[in-house]
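Trainee: What follows is a predicted protein model with its sequence.
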Amino acid sequence: MQNYEFSLEFNPDIIQHIYSLIKEDPAYTPRFFRNGMLQMEQALQSINDTRAMRIGAGIIDQVGELFVKQFPHCKAIVVADTNTFPIAGKQVEESLMKAGVVVEEHVIYEGKNLHANFDTMGILLDRLHQLPVEVIPIAVGAGTLNDLTKLAAHLSGRHYMVVPTAASNGGYTAYGAAIRMNGIKQSFPCPGPQAVLADTDIIIHAPAELNQSGYADLLAKMTSGADWILADWMGIDHINEKAWKMSQNGFHETMLSVERIMAGEPIDERKNIEKMMEGLLLSGLAMQVVKSDLPSSGAEHQLTGIWEMERAVSGKDKIAHGKLLSIALLAITAVYNKLLAFPFDEVLDVKKCVKEWPTLETYERKAHDALSKVGLQKLGMQVAMSNYVTPEKLSFELQQLKEYWPEVRDRLAQQIMPVRQLYDILKLGRMPTRPIEAGISWEHVRQTLECVPYLSKRFNVMSLVAHTGYLTPWLDDLFIKTKKFETL
């Protein structure tokens, strides 16, 4: 096994403070967001793809030295766009040349409306195919450039390195690349980067909406974690404890920061960015452990993906991922709040649910009707039909729910916060809390929530609610009767 490297200028103090509280005060009770953190050093020992990671201020000039250590006797090629090359790409090339690395002519994409689709990735792949495998690509940019480079590097048989320019998402270190093909965003299996260098002096000056996306991505570990709890209980996707601790770390840290802000403590923006970047990178490492995005993506990302897919299909301008995710997170949290308040163990009529469950033909018609409302019937029907549950399987699932609901509910209650609290936290982070702020309507949120059970490739809270028969009445209650979101 290769040696792993870790360099972080800001992490240990706050985590050690929490550990000391638990150890020294017998009366101390951890809150739900303080359970099970895993530090970066431990995380790097648990995965195989990423062997070196450096996070700190003013370290961009260390790229060359790190590259030589991780890729001895190799050449480099910088992959950037017209926005990221001037702010970081040029410095990366200078650092490489200073370290004696031969640098090939860079690949620069047009930065405006750059999308991670297969054709765009193909431009880089063609270039890499023309170069020996000893030429290592270095992605200099945010999530889109990282995914393009990750997949192209894998398909051309080589490792890669990434220099993030924004704390925008957890995909930097993730296993798999989110690439759109034939209009549908898909996760293509491929290794994460071998080396990561994140200069927080660059990241702190990234466009606000990019770093806000990272904030939303960390908060989304609340609902994605709850979905994983449900899937684990169903025996579908068992929780990997190491991956769980990695993916939840950033959520814990975010909640600690929120606590300090609400307590009126002075806030160091640079420290916040540093901790946020660490949490995002840890969530990506969690995906390396289980070889999927399961630890970091649940119903909230599925809903966000539907909105992104709609815009891509219709040719509308791209809206920042974090804005859409913020609204999706509120919607899924509201559904979870309904779920946690419902006494399934007392009132769920399993026989009635099974009797009223649609036949395959009726299910197909309902799926087509729901997807037609958002223009995704052509792209989504294949996935929708694969999600059909037989009456026999449904009966078993609901009997399990009825029998074990008190235990499952208690565990979920430790993970999910009240939607009003989430609303306040999003406002604190200057994130959208009204659909119109993300370019969508209340009605459209309702319509797309109905599509989530059809389009989800994994079991999540919307799958469960649909299977119990409560999806329509609960959405009616949230959007028509109580107008939950409008009154927040």
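Mentor: Sure, I can see it. Just so it is clear, the model here is predicted, and its values are computed rather than measured. Numbering: from 1, shown residues only.

Trainee: Next up, the contacts around Trp357.
Mentor: Val389, Pro391, Leu394 (Cβ atoms under 8 Å, 6 or more residues apart in numbering). Glycine gets a C-beta too; all of them are placed from N, C-alpha and C.

Trainee: What's the separation between the first one and Lys373?
Mentor: Meaning Val389. Distance of Val389 to Lys373, given as Cβ to Cβ, to the nearest Å: 22 Å.

Trainee: How about the last one?
Mentor: In this structure, Leu394 and Lys373 are 25 Å apart, going by Cβ to Cβ.

Trainee: do the second one as well
Mentor: When Cβ to Cβ is the yardstick, Pro391 and Lys373 sit 26 Å from each other.

Trainee: Toward the C-terminus from the helix or strand where Phe396 lies, list the very next helix or strand.
Mentor: Assigned by DSSP states H and E, Phe396 belongs to helix 391-413. Beyond helix 391-413 on the C-terminal side, the first helix or strand identified by DSSP H and E is helix 419-428.

Trainee: Mind giving me the packing neighbours of that next one?
Mentor: Applying 3 or more Cβ pairs under 8 Å, 6 or more residues apart in numbering; DSSP states H and E, we find helix 419-428 packed against helix 208-219, helix 241-262, helix 321-340.

Trainee: Just give me the lowest mean pLDDT stretch among those.
Mentor: Among the helices and strands packed on helix 419-428, helix 241-262 carries the lowest mean pLDDT, at a mean of 82.

Trainee: Tell me which residues of the helix or strand following that one come out buried.
Mentor: Going down the chain from helix 241-262, the next helix or strand is helix 269-290, by DSSP H and E. Buried positions in helix 269-290, judged by neighbour count with 16 or more other Cβ atoms under 10 Å: 272-290.

Trainee: swap in stretch 358-377?
Mentor: Tyr363, Ala367, Ala370, Leu371, Val374, Leu376.

Trainee: May I ask which two of those are separated the most?
Mentor: Largest separation among the buried residues of stretch 358-377 by Cβ to Cβ: Tyr363 and Val374, giving 17.7 Å.

Trainee: For this structure, name the helix or strand with the lowest mean pLDDT.
Mentor: helix 12-24 (a mean of 37; mean pLDDT, DSSP states H and E).

Trainee: Tell me which helix or strand Ile108 sits in.
Mentor: Going by DSSP H and E, Ile108 is part of strand 107-109.

Trainee: any idea which of the buried residues of stretch 358-377 is closest to Ala226?
Mentor: Nearest member of the buried residues of stretch 358-377 to Ala226, counting by Cβ to Cβ, is Ala370, at 23.5 Å.

Trainee: Tell me which helix or strand that closest one sits in.
Mentor: With DSSP H and E as the test, Ala370 turns up in helix 360-372.

Trainee: before we move on, back to that, using CSV, list the CA coordinates for the following helix or strand past the strand holding Ile108.
Mentor: Counting by DSSP H and E, the next helix or strand C-terminal to strand 107-109 is helix 118-129. Taking C-alpha atoms only, helix 118-129 is exported to CSV below (Å, rounded to 0.1, in the frame of the first residue of the first chain):
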residue,chain,number,x,y,z
PHE,A,118,-20.5,13.1,-21.7
ASP,A,119,-19.8,15.1,-24.8
THR,A,120,-17.9,17.8,-22.9
MET,A,121,-16.0,15.1,-21.1
GLY,A,122,-15.2,13.6,-24.5
ILE,A,123,-13.1,16.7,-25.4
LEU,A,124,-10.7,16.0,-22.6
LEU,A,125,-10.8,12.2,-23.1
ASP,A,126,-9.7,12.7,-26.8
ARG,A,127,-6.8,14.8,-25.7
LEU,A,128,-5.7,12.4,-23.0
HIS,A,129,-5.8,9.5,-25.5
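
Trainee: Okay, now the unreliable bits of the stretch 351-488 of the chain?
Mentor: Where the stretch 351-488 of the chain drops to pLDDT under 70, the residues are 481-488.

Trainee: Got phi/psi on Tyr160?
Mentor: phi -150, psi 170 (degrees, to the nearest 10).

Trainee: Make 514 the first number, not 1, from now on.
Mentor: Happy to do that; since the first residue is 514 now, the last one works out to Tyr673.

Trainee: Would you mind confirming that it is in contact with Pro706?
Mentor: Yes - with contact defined as Cβ atoms under 8 Å, Tyr673 reaches Pro706; the gap is 5.5 Å.

Trainee: So for those two, which residue has more residues nearby?
Mentor: Pro706 (29 against 26; other Cβ atoms under 10 Å).

Trainee: And what about that one, helix, strand or coil?
Mentor: Per DSSP: H, G, I helix; E, B strand; the rest coil, the local secondary structure of Pro706 is coil.

Trainee: Tell me who's in contact with it.
Mentor: Asp562, Thr563, Ala652, Asn659, Lys663, His672, Tyr673, Met674, Val675, Tyr685, Thr686.

Trainee: List the residues that contact the fourth one.
Mentor: Same thing as Asn659. Contacts of Asn659 (Cβ under 8 Å, 6+ apart): Ala652, Val675, Pro677, Gly684, Tyr685, Ala690, Pro706.

Trainee: So it: helix, strand or coil?
Mentor: Once three-state DSSP is applied, Asn659 turns out helix.

Trainee: what does the third one give?
Mentor: Following three-state DSSP, we place Ala652 in the strand state.

Trainee: how close does the nearest residue to it once chain neighbours are set aside sit to Ser700?
Mentor: Spatial nearest neighbour of Ala652, chain neighbours left out: Thr662 (3.7 Å); criterion: Cβ to Cβ, 6 or more residues apart in numbering. Using Cβ to Cβ, we find Thr662 at a distance of 16 Å from Ser700.

Trainee: between these two, who's got more neighbours?
Mentor: A direct count of neighbours by other Cβ under 10 Å for Thr662 and Ser700 places Thr662 higher, at 29 against 18.

Trainee: where's the more buried one, which helix or strand?
Mentor: helix 656-668.

Trainee: send the alpha carbons of that helix over as PDB?
Mentor: Written as PDB, here are the backbone C-alpha positions of helix 656-668 (Å, rounded to 0.1, in the frame of the first residue of the first chain):
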ATOM      1  CA  GLY A 656     -17.400  20.200  -9.100                       C
ATOM      2  CA  THR A 657     -18.100  20.200 -12.900                       C
ATOM      3  CA  LEU A 658     -14.400  20.300 -13.800                       C
ATOM      4  CA  ASN A 659     -13.600  17.700 -11.200                       C
ATOM      5  CA  ASP A 660     -16.200  15.200 -12.600                       C
ATOM      6  CA  LEU A 661     -15.100  15.800 -16.200                       C
ATOM      7  CA  THR A 662     -11.500  15.200 -15.300                       C
ATOM      8  CA  LYS A 663     -12.200  12.200 -13.000                       C
ATOM      9  CA  LEU A 664     -14.100  10.200 -15.600                       C
ATOM     10  CA  ALA A 665     -11.700  11.200 -18.500                       C
ATOM     11  CA  ALA A 666      -8.700  10.100 -16.400                       C
ATOM     12  CA  HIS A 667     -10.300   6.800 -15.600                       C
ATOM     13  CA  LEU A 668     -11.400   6.000 -19.200                       C
END
